[in-house]
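**Student:** Quick one, structure for this:
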Amino acid sequence: MDRPNIAVIGCGYWGKNVVRTFHKTGALRCVCDVRSQVLDTVREQYGVQTSSSIAEVLADPEVDGVAIAAPAVHHYQLVRQALEAGKHVLVEKPLALRLTEGRHLAEIADSRSRVLMVGHILQYHPAILKLKELISAGELGRIKYIYSSRLNLGKLRAEENILWSFAPHDISAVLYLLEEMPTRVSSLGGTYVDSRVADTTLSTCQFASGANVHIFVSWLHPFKEQKLTIVGGKKMAVFDDVEPERKLVLYSHRIDWVDRMPVAHREDGQLVPISKDEPLQRECEHFLECIRDIANHAQTLPAPCRYWRCWMPVNGHCAVGAVLSNSMALGLHIPHTPARSLTLGARSGATQKSGTSRTLWREQKSAHAAISGRTWSSLPGSKSETT
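**Tutor:** Residues are numbered from 1 along each chain as shown. Presented below is the predicted three-dimensional model:
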């Protein structure tokens, strides 16, 4: 297969970017949306087929894969229909809003040898890829602490809370950078606009390596902020995605002990050059590459899973996250690099407690292995484990 044909379902706030990007790759065949005005614009701008019928799109034998950019509440049904129609699927996060639904989708993808990929776009961001390189090379030293903030005024949602809407970006980036699962995750949320939907959450992750992570997300904030701060034993790093030029900066601050007292020494920040590649472009190209590998019988499926993405239960919904392929986990994102593991799904374990402060999710690595019941690749440099 030289070039897979892709249909995009949903051409709204984010979907229009997905449409633009797949058209740029030359893979866009069709766009599906319920709004006739949107479809008129798409035909005029891109000259591709359009449809208001999902069934019609999925029945098209020329469509190899679908990219779903619909509201999260519809993800399960849309992904299920696409997989059962034999299509490969790229779906925006989250994969689903319930644990049972996420497991079901993963099982369908495995049984039909289809790609099921969740759009964790930060894993394709040049700054995150550079941070991964620096951490792996020991440039920052042992990672001690990570703080992430994703704040803005809007876009408020009624079908999902701020944790589901914003935090998956930061959680996926943290797990990718640390290459380990947390031993404990807790989250405290506040409801101020709609009593049924959390507007702000502060989540804490603890890791066996000693690293601690705080993730603060809010859509009730006076200005936009998207910042990831990493404190290592040698250096500190700040990734500011709002900054137009100084997106990634290293600081060689140090702490000395003088007369049994810690004394901080500040150093000027060092700008780290990164590429201008568009993360969404890399993500879409990786999806196409995975489809090509399956079509060309480059490897057998189902492929081993690296680890789970873990969300938390909110409003009675169990958390679901995307299983990463080995290629994504190891940073092999460029189009000409063969993806070594293709099937992506979603699974996690969850526990909810009552009270003002709720422990939203706990899961040990062993529990993950017990639930998965399959072979998964361990961290680089160690032997693979079989559950």
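**Student:** make it CA atoms for all contacts and neighbour counts henceforth
**Tutor:** Will do.
**Student:** List the contacts of the residue most central in space within the chain.
**Tutor:** Residue closest to the mean C-alpha point of the chain, counted by C-alpha atoms, centre = their mean, is His120 at 2.2 Å. By C-alpha atoms under 8 Å, 6 or more residues apart in numbering, the residues touching His120 are Glu92, Lys93, Pro168, His169, Ser172.
**Student:** So which of these belong to strands?
**Tutor:** Glu92 (DSSP state E).
**Student:** okay, and for the stretch 151-300 of the chain, where does confidence drop off?
**Tutor:** By pLDDT under 70, the low-scoring segments of the stretch 151-300 of the chain are 297-300.
**Student:** one more time with 80, if that's ok
**Tutor:** The model of the stretch 151-300 of the chain has pLDDT under 80 over residues 159, 295-300.
**Student:** Counting neighbours, what do you get for Gly210?
**Tutor:** Gly210 has 11 neighbours, counted by other C-alpha atoms under 10 Å.
**Student:** try the one 10 residues further on
**Tutor:** Counted with other C-alpha under 10 Å, the burial measure for Leu220 works out to 18 neighbours.
**Student:** cool, Gln77 as well?
**Tutor:** 12.
**Student:** got it, and Lys16?
**Tutor:** Lys16 has 16 nearby residues by other C-alpha under 10 Å.
**Student:** Let's verify it: helix, strand, or coil?
**Tutor:** helix (DSSP: H, G, I helix; E, B strand; the rest coil).
**Student:** Quick check: closest non-adjacent residue to it.
**Tutor:** Leaving aside its sequence neighbours, Lys16 sits nearest to Gly10 (C-alpha to C-alpha, 6 or more residues apart in numbering; 7.8 Å).
**Student:** how about the strands in the stretch 201-350 of the chain?
**Tutor:** With DSSP state E, counting those that start in this stretch as the criterion, the stretch 201-350 of the chain has strands at 212-218, 220-232, 236-240, 248-251, 254-258, 261-265, 270-271.
**Student:** If I look at the residue nearest to Lys16, what pLDDT would I see?
**Tutor:** On the pLDDT scale, Gly10 is placed at 97.
**Student:** for it, what are its contacts?
**Tutor:** By C-alpha under 8 Å, 6+ apart, Gly10 lies in contact with Lys16, Val31, Cys32, Asp33, Ile68, Ala69, Ala70.
**Student:** ok, now Arg80?
**Tutor:** Arg80 makes contact with Leu105, Ile108, according to C-alpha under 8 Å, 6+ apart.
**Student:** hmm, back to that, please report how far the residue nearest to Lys16 lies from Lys87.
**Tutor:** Counting by C-alpha to C-alpha, to the nearest Å, the gap from Gly10 to Lys87 is 16 Å.
**Student:** buried ones in stretch 90-99?
**Tutor:** Residues Leu90, Val91, Glu92, Lys93, Pro94, Leu95, Ala96, Leu97, Arg98, Leu99 are the ones in stretch 90-99 that count as buried (16 or more other C-alpha atoms under 10 Å).
**Student:** Do me a favour and get the end-to-end distance for that stretch?
**Tutor:** The first and final residues of stretch 90-99 sit 19 Å from each other (C-alpha to C-alpha).
**Student:** Give me the mean pLDDT for that stretch.
**Tutor:** 88.
**Student:** just to revisit the earlier point, what's the farthest-apart pair in the contacts of Gly10?
**Tutor:** Farthest apart among the contacts of Gly10 by C-alpha to C-alpha are Val31 and Ala70. That separation is 12.2 Å.
**Student:** who touches both of these two?
**Tutor:** Ile9, Gly10, Cys11.
**Student:** Output the residues you listed in CSV; the columns should cover distance to Thr25 and secondary structure.
**Tutor:** As requested, the shared contacts of Val31 and Ala70 are exported to CSV (distance: C-alpha to C-alpha, whole Å; DSSP: H, G, I helix; E, B strand; the rest coil):
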residue, distance to Thr25, secondary structure
Ile9, 17, strand
Gly10, 18, coil
Cys11, 17, coil
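**Student:** Return the member of those nearest to Arg103.
**Tutor:** Of all the shared contacts of Val31 and Ala70, Ile9 has the smallest distance to Arg103: 22.1 Å, by C-alpha to C-alpha.
**Student:** before we move on, back to that, pipe the contacts of Gly10 into CSV and attach pLDDT, secondary structure and distance to Glu139 per row.
**Tutor:** As requested, the contacts of Gly10 are exported to CSV (pLDDT from 0 to 100; DSSP: H, G, I helix; E, B strand; the rest coil; distance: C-alpha to C-alpha, whole Å):
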residue, pLDDT, secondary structure, distance to Glu139
Lys16, 97, helix, 38
Val31, 98, strand, 45
Cys32, 98, strand, 46
Asp33, 97, coil, 47
Ile68, 98, strand, 38
Ala69, 97, coil, 37
Ala70, 95, coil, 40
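**Student:** Just the buried ones among those residues, please.
**Tutor:** Among the contacts of Gly10, those classed as buried by 16+ other C-alpha under 10 Å are Lys16, Val31, Cys32, Asp33, Ile68, Ala69, Ala70.
**Student:** Show the backbone phi and psi for the nearest residue to the last one once chain neighbours are set aside.
**Tutor:** Distances taken as C-alpha to C-alpha, 6+ apart place Gly10 nearest to Ala70, at 5.1 Å, with adjacent residues excluded. For Gly10, the backbone dihedrals (degrees, to the nearest 10) come out as phi 100, psi 120.
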